[in-house]
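Colleague: Pasting the sequence and the predicted coordinates here, then a few questions.
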Amino acid sequence: MIRFLILFLLTTSIFASQVERYRWNNAETYLDFLENNNLPVKKLYYNLDKDDQRLTEEMRAGIHYQILKSKNGNIEQILLPLNDELQIHIYKDKNSYVFEAIPIISTTKTEAFYTTITSSPNYNILKETGSKKLAQIFISSFKHSLNFKNDIQKGDKLVMIYDQKYRLEAPFSMPTLKVAMIETHHKKHYIYLNDDGRYYNEKGHEVEGFLFARPIPGARISSYFTKHRWHPILHKWKAHLGVDFAARRGTPVHAAGSGTISWCSRAGTYGNLIKIRHADGYETRYAHLKSFRRGIYRGRHVKKGQIIAYVGTTGRSTGPHLHFEVRIHGRAINPLHIIQITTKKLEGKQKRAFIRLKKNYDESVNLHLNNKTHYKKPPPFENMGYIHLLTEKNNG
Ligand SMILES: [Zn+2]
């Protein structure tokens with residue numbers, strides 16, 4: 001049986017329905033949400049399988065979600081984004097509600113702006129764009145190479161070029177920086193996103209960010225990170241928000257970075273779980289552990305590389321392996337993008353490719369610098385929603 005899933009983007013006024021936008025509250029759980037909206041808890045949570053239940057735990061404070069209501073106020077559809085690729089869709093089918101996880105349809109636009117410093121990069125980026133995220137990205141990009149207090153002065157100029165995702169014509173998710181430039185004391189400083197997904201300065205040296213080590217040195221990766229993937233047997237959308245390392249039961253697990261243990265106990269499908277809180281809002285998670293190392297407990301500070309636990313298969317796991325997650329401000333990111341093997345210095349063929357990429361970026365930056373490109377404000381929110389159609393066809 002082939003399942004056709006079609007999502008249309010329409011102005012819902014045609015259907016005399018109303019789309020309401022909300023922000024997910026701090027400390028609100030998915031179960032709270034169902035209860036507050038008088039939705040059937042059994043059908044939409046307790047009857048779900050473990051994987052879907054776990055997806056519901058991914059709702060985070062600050063996320064914008066939508067409720068489509070009929071004219072008389074009944075809930076017709078709900079869209080709860082879990083990350084920038086997957087969302088929970090609850091919809092009314094005849095007289096009952098249905099739960100499903102579906103991909104988010106989004107478009108990506110490359111955007112750019114220029115600003116002159118009158119106070120500080122943080123102040124002026126915020127003033128120009130109104131986006132804390134852009135200010136945060138800029139500051140963390142240059143924090144190892146510039147001293148914001150002493151190096152930057154009034155009249156300095158900066159340009160940022162980045163990718164922004166849009167869903168229902170509203171921007172969402174963290175922008176991806178492609179190039180940032182700040183001109184100070186008549187010298188231009190750059191950060192470039194290379195084709196390998198890492199950031200480099202104008203010399204082709206990798207920019208030091210917050211980098212983690214592998215929790216099991218040399219271990220083979222048995223499953224990669226994905227924000228959404230179609231499961232061909234279960235016929236549903238799932239996510240794998242970490243990386244699995246294959247290893248024998250009892251293999252030592254090392255702290256990927258220095259930090260404080262914030263969880264060291266059992267946690268549902270994770271089995272025995274350790275969470276470490278690091279600087280800059282980062283957190284690492286180590287799941288399915290056989291046991292914790294002696295002397296490792298909640299509140300304890302650990303150093304990068306220190307042994308914290310041993311590989312096992314506790315919780316929802318089919319065999320001994322380490323499930324490893326990296327989160328920033330609660331949001332799961334691909335651990336392999338920030339695992340340090342060595343700090344890279346591009347050479348040879350890679351360096352030549354980087355120089356070509358850099359030349360294109362530099363031309364764009366100069367263009368925005370000369371044009372003094374203003375930040376383009378996104379259009380105001382329209383009464384838009386998804387209209388969901390499901391058709392099933394028998395195949396042979
Ligand atoms: Zn896993």
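Modeller: Yes, it's here.
Colleague: Are we agreed that Arg356 is in a helix?
Modeller: Yes: according to DSSP: H, G, I helix; E, B strand; the rest coil, Arg356 belongs to a helix.
Colleague: Neighbours of it, how many?
Modeller: Number of residues near Arg356 (other Cβ atoms under 10 Å) recorded here: 9. (Glycine included, C-beta is placed from N, CA and C.)
Colleague: repeat for Gly250
Modeller: By the measure other Cβ under 10 Å, the count of residues near Gly250 is 11.
Colleague: can you check His189 too?
Modeller: 18.
Colleague: Quick one: residues contacting the closest residue to the ion within the chain.
Modeller: The ion sits closest to His323 of the chain, with a gap of 3.4 Å, by Cβ to the ion. Applying Cβ atoms under 8 Å, 6 or more residues apart in numbering to His323 gives the contacts 242-244, 270, 285-288, 317.
Colleague: Okay, and which of those residues map to strands?
Modeller: Under the assignment DSSP state E, the contacts of His323 contribute 243-244, 285-288 to strands.
Colleague: Now do the strands in the stretch 51-200 of the chain.
Modeller: 64-69, 75-81, 86-93, 96-103, 107-116, 157-167, 170-184, 187-193, 199-200 (DSSP state E, counting those that start in this stretch).
Colleague: Same list (those) but as a markdown table, adding distance to the ion.
Modeller: A markdown table is the format used below for the strands of the stretch 51-200 of the chain (distance: least, Cβ to the ion, whole Å):
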| stretch | distance to the ion |
| --- | --- |
| strand 64-69 | 26 |
| strand 75-81 | 22 |
| strand 86-93 | 16 |
| strand 96-103 | 17 |
| strand 107-116 | 27 |
| strand 157-167 | 25 |
| strand 170-184 | 22 |
| strand 187-193 | 27 |
| strand 199-200 | 27 |
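Colleague: Output the ones you listed as JSON lines; include the columns distance to Leu44.
Modeller: Output for the strands of the stretch 51-200 of the chain, formatted as JSON lines (distance: least, Cβ to Cβ, whole Å):
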{"stretch": "strand 64-69", "distance to Leu44": "14"}
{"stretch": "strand 75-81", "distance to Leu44": "10"}
{"stretch": "strand 86-93", "distance to Leu44": "6"}
{"stretch": "strand 96-103", "distance to Leu44": "5"}
{"stretch": "strand 107-116", "distance to Leu44": "30"}
{"stretch": "strand 157-167", "distance to Leu44": "23"}
{"stretch": "strand 170-184", "distance to Leu44": "24"}
{"stretch": "strand 187-193", "distance to Leu44": "40"}
{"stretch": "strand 199-200", "distance to Leu44": "41"}
